[in-house]
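I'd like to go over a predicted model; first the sequence, then the structure.
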Amino acid sequence: MSAASSQRPVADSRTDVVVGMLFVGLLFFILGFVTWLNGSLIPFLKIVCGLNNFQALWVTFAFYIAYTVMALPSAAVLKRTGYKKGMALGLGLMGAGALLFIPAAQTTWYGLFLAALFTLATGMTLMQTAINPYIVCLGPRESAATRISVMGLFNKGAGVVVPLVFSSLMLKDIDSFSPAGLAALAPAAQEAMRATLAQRLVFPYACMAVLLFAIMVFIQLSRLREIPMDADEAGSRVEAGSVLQFPQLVLGAAALFGYVGVEVIAGDTIGLYGQQLKVAHFGVLTSYTMVCMVIGYLVGAVAIPRFLSQQRALMLSALAGVLFTVGVTTMSAESTRLSEVLVGWAGVPAVPDTVMCLALLGLANALVWPSIWPLALAGLGRHTASGSAVLVMAIAGGALLPLLYGHLSDSVTPRAAYWLLLPCYGLIFWYAAVGHRMRSWGAAS
């Protein structure tokens, strides 16, 4: 595919664009629903399986490492099946992963929970590898961040809803399953109570599997337009080595690695952090982070590129990330003044200032993903599909960095462990200022 053709819109009419955006928006909602379920699932499995913070955060490792392991195979599959069939296949794999939660819940075997999460994420990897370049190529590249921001509204909108639904279904009367309460019971009684709690997962995940399989059939039979591949791209080998010549891509992948790590830490550890601070209804705290991300995506959809370039939005996001990280690590765990000022007028329960700053990282993170993708794929031409796979592999940051946070949280304190976020935001700022302009190693243009 030539550089010109890689930027050619895949749709010929406004109707095609709207239809494509609606279908892909549905897929982004599904991805967000499954992804941000982890934030509530982690403290739930911590109780069910009797885990510490480090062990509980293996949930994020099993989920996000699939993106690294399966990204290049997913790109190879897409070259054989096309994007539309690849999306349907991804939904089928996700349905299989949801079904695995049923025997996992019945046995309370943590390893099987992790296998189910890996299978779910494998299907999501296939979908991510397809739908991100689809959105980038759906129109002019300079407005790609706007389109991805709109898709982010679907993704993070699901993230707002999921913790509320999960908490109402799964975390009802959760205080009776507290570590202190379980410790007072005999081992057999502890296992019985944990098994009872685990059974709450069976019905929701069975419904999820049925829904995913139904949407798989719907997508397969739909009129969603296929992205055409030129012969040289369709026949080329999918390998990371062929794209290592592009610094803007490699450095963009490094920035994405750090970004996904901080995004997952902000969204998936806030429940654990709130639980440690004895915040009431800690299971819904992920919704706070997601609401902030939705606000950020709305800003991006309106401001980029009319008022803000993608590069400037990325720099401001990194600076905001630094500011809120300092707030998490230094602000009071007793005072709720910040949340009272920001959300108290809406009747939202107040949370400690340090927790509110963690939620505000969602605002800082919102525009990072949609800004990095078009900057990193610029100028790749026929290597765009393989470049997309490399960027998807960078989602491994969500596997490794939260695990490192969990280790630091158990070794030092949960609050001090959040200093880990600062170098990640520093890398994102450097990429926005310098790295994205590099077109050969050692030079920027």
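Nice, I can see it.

for residue 114, which non-adjacent residue is spatially closest?
What sits nearest to residue 114 in space, not counting adjacent residues and going by C-beta to C-beta, 6 or more residues apart in numbering, is residue 62, at 3.9 Å. C-betas here are computed from N, CA, C, even on glycine.

hang on, that neighbour packs against residue 112?
No: in this structure residue 62 lies outside contact range of residue 112 using C-beta atoms under 8 Å: 10.8 Å.

higher neighbour count, these two?
Neighbour tally, residue 62 and residue 112, criterion other C-beta atoms under 10 Å: the higher count belongs to residue 62, 22 against 17.

who touches that one in this structure?
With contacts defined as C-beta atoms under 8 Å, 6 or more residues apart in numbering, the neighbours of residue 62 are 114-115, 117-118, 121, 399.

how close does residue 23 sit to residue 157?
16 Å (C-beta to C-beta, to the nearest Å).

now do the contacts for residue 31.
124, 127-128, 155, 158.

highest neighbour count among the residues you listed?
Taking other C-beta under 10 Å as the neighbour criterion, residue 124 ranks highest of the contacts of residue 31 with 28 neighbours.

what segments of this structure are strands?
Under the criterion DSSP state E, the chain carries strands at the ranges 438-440, 443-444.

worst average pLDDT in these?
Ranked by mean pLDDT, the strands of the chain bottom out at strand 443-444, which scores a mean of 55.

what sits closest to residue 295 if chain neighbours are left out?
By the measure of C-beta to C-beta, 6+ apart, the closest residue to residue 295 outside its immediate chain neighbours is residue 363, 5.9 Å from it.

wouldn't the one you found be in contact with residue 298 here?
No: here residue 363 lies out of contact with residue 298, judged by C-beta under 8 Å, at a distance of 10.5 Å.

who's more crowded, those two?
Neighbours per residue (other C-beta under 10 Å) separate residue 363 from residue 298, with residue 363 holding more: 22 against 15.

what residues does that one make contact with?
With C-beta under 8 Å, 6+ apart as the criterion, the residues that contact residue 363 are 292-293, 295-296, 320, 324.

could you list the low-confidence segments of this structure?
The model of the chain has pLDDT under 70 over residues 1-17, 133, 136-146, 149, 167, 170-186, 224-241, 345-346, 385, 442-445.

and the residue nearest to residue 24 when sequence neighbours are not counted, what is it in contact with?
What sits nearest to residue 24 in space, not counting adjacent residues and going by C-beta to C-beta, 6+ apart, is residue 131, at 5.2 Å. Contacts for residue 131 (C-beta under 8 Å, 6+ apart) come out as 24, 27-28, 83, 87, 151.

so which of these are in helices?
Within these, residues falling in helices by DSSP state H are 24, 27-28, 83, 87, 151.

wait, residue 294 sits on residue 158?
No: shown here, residue 294 and residue 158 do not form a contact pair, counting by C-beta under 8 Å, at 10.1 Å.

thinking again about what came up before, looking at the ones in helices among the contacts of residue 131, spot the one nearest residue 18.
When the ones in helices among the contacts of residue 131 are compared for distance to residue 18 (C-beta to C-beta), residue 24 comes out closest, at 11.0 Å.

now do the closest one against residue 297, distance only.
Counting by C-beta to C-beta, the gap from residue 24 to residue 297 is 15 Å.

and the two? Which one has more around it.
In terms of neighbours (other C-beta under 10 Å), residue 297 is the more surrounded of residue 24 and residue 297; the figures are 27 against 23.

distance check, that one against residue 152.
Summarising the geometry, the distance separating residue 297 from residue 152, computed by C-beta to C-beta, is 4 Å.

mind listing the shared neighbours of the two?
Counting by C-beta under 8 Å, 6+ apart, the common neighbours of residue 297 and residue 152 are 366, 370.

you'd agree residue 321 is up against residue 261?
No: at 11.6 Å, residue 321 and residue 261 do not qualify as touching, with contact defined as C-beta under 8 Å.

any shared contact partners between the two?
Taking C-beta under 8 Å, 6+ apart as the contact rule, residue 321 and residue 261 both touch residue 424.

where along the stretch 251-400 of the chain do the helices fall?
For the stretch 251-400 of the chain, the helices identified by DSSP state H, counting those that start in this stretch occupy 270-276, 285-303, 310-330, 337-342, 353-365, 368-377, 384-393, 397-411, in order along the chain.

relative to residue 168, which of those helices is closest?
Across the helices of the stretch 251-400 of the chain, residue 168 has its closest neighbour in helix 285-303 (11.8 Å, C-beta to C-beta).

could you list the buried residues of that closest one?
Buried residues in helix 285-303, counted by 16 or more other C-beta atoms under 10 Å: 285-294, 296-297, 299-301, 303.

stretch 300-316 now?
300-301, 303-304, 308-310, 312-315.

reformat the residues you listed as a markdown table; add distance to residue 245.
What follows is these, written out as a markdown table (distance: C-beta to C-beta, whole Å):
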| residue | distance to residue 245 |
| --- | --- |
| 300 | 30 |
| 301 | 33 |
| 303 | 33 |
| 304 | 28 |
| 308 | 30 |
| 309 | 26 |
| 310 | 23 |
| 312 | 27 |
| 313 | 27 |
| 314 | 23 |
| 315 | 26 |
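
now, which of those residues sits nearest residue 57?
Nearest to residue 57 among the buried residues of stretch 300-316: residue 314, at 27.2 Å, using C-beta to C-beta.

contact partners for the closest one?
Applying C-beta under 8 Å, 6+ apart to residue 314 gives the contacts 367-368, 371-372, 375, 428-429, 431-432, 436.

compare these and tell me which is most surrounded.
Neighbour counts for these were taken using other C-beta under 10 Å; the highest belongs to residue 371, which has 33 neighbours.

I'd guessed that one sits against residue 308; true?
No: in this structure residue 371 lies outside contact range of residue 308 using C-beta under 8 Å: 9.3 Å.

ok, the nearest residue to residue 129 once chain neighbours are set aside to residue 99 distance?
Beyond its immediate neighbours in the sequence, the residue positioned closest to residue 129 (C-beta to C-beta, 6+ apart) is residue 74, lying 4.4 Å away. Counting by C-beta to C-beta, the separation of residue 74 from residue 99 is 21 Å.

these two: which is more packed in?
When neighbours are counted by other C-beta under 10 Å, residue 74 and residue 99 differ, and residue 74 comes out ahead with 29 against 19.

got the contact list for the more buried one?
With contacts taken as C-beta under 8 Å, 6+ apart, residue 74 has the following neighbours: 86, 125-126, 129, 389, 392.

again, 7 Å this time
Counting by C-beta atoms under 7 Å, 6 or more residues apart in numbering, residue 74 makes contact with 125-126, 129, 389.

show me the two of those residues that sit farthest apart.
Farthest pair in the contacts of residue 74 (C-beta to C-beta) is 126 and 389. Separation: 10.6 Å.
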